[in-house]
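>>> Pasting the sequence and the predicted coordinates here, then a few questions.
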Amino acid sequence: MNLNYPLPRANAQTNAYWDGCAQGELRYQRCGQCGQVQCIPRSLCDRCQSSDLPWSASRREGTVLTFTTVYRAPLPAFKEMLPYVIAIVDLDEGFRVMANALSCVPPDALAIGARVRIGFKEVHGMALPVLESILEGAK
């Protein structure tokens, strides 16, 4: 993989999320006051502004909201990956994640509404969420 691949940078608010990815967990926050679920780490609840935001581990299963196949690289670092599939997945716990599909997920088998599982791929020392598999018997 290209060494110029743009990776996210962990910070004080996102460390727990990225540490979870490194351990094979897709973590999210659920407000202890109002129950609001948020995947983008924040110091306050998006709904009620509470700071009671414990982390939970997702089952990593969800439904494809939309997807696209990329044929033209937005940056030179992505050129060697072409073509690749990006999907937005509604996770069962109530948050969304955007992830590239691994090569073991055939693009012609992917569909809006398909049940999928999120996994992780190590890229230059960082575990990134990816579309790992289509769940059996689901569409």
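Structure received.
>>> middle-most residue in the protein, spatially?
Ranked by distance to the mean C-alpha position of the chain (CA atoms, centre = their mean), the top residue is residue 97 at 3.9 Å.
>>> domains for this protein, by residue range?
Structural domains assigned to the chain are 10-57, 59-139, following automatic domain parsing.
>>> Residue 4 is nearest to which of these?
In this view, these are compared for proximity to residue 4 by CB to CB, and domain 59-139 is the closest at 4.5 Å. C-beta coordinates here come from the backbone N, C-alpha and C atoms, glycine included.
>>> rewinding a little: for the domains of the chain, please prepare a markdown table with the additional fields mean pLDDT and distance to residue 4.
Conversion of the domains of the chain to a markdown table gives the following (pLDDT from 0 to 100; distance: least, CB to CB, whole Å):
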| stretch | mean pLDDT | distance to residue 4 |
| --- | --- | --- |
| domain 10-57 | 96 | 19 |
| domain 59-139 | 91 | 5 |
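>>> coming back round to it: tell me which helix or strand the residue nearest to the centre of the chain sits in.
Secondary structure assigned from DSSP states H and E places residue 97 in strand 96-101.
>>> Residue 122 is in what secondary structure piece?
Counting by DSSP H and E, the secondary-structure element that holds residue 122 is strand 115-123.
>>> who's in contact with that strand?
The set of residues that contact strand 115-123 without belonging to it, under CB atoms under 8 Å, 6 or more residues apart in numbering, is 1, 5, 7, 21, 24, 26, 58, 60-64, 87, 89, 91, 97, 99-100, 102, 105, 110, 127-135, 138-139.
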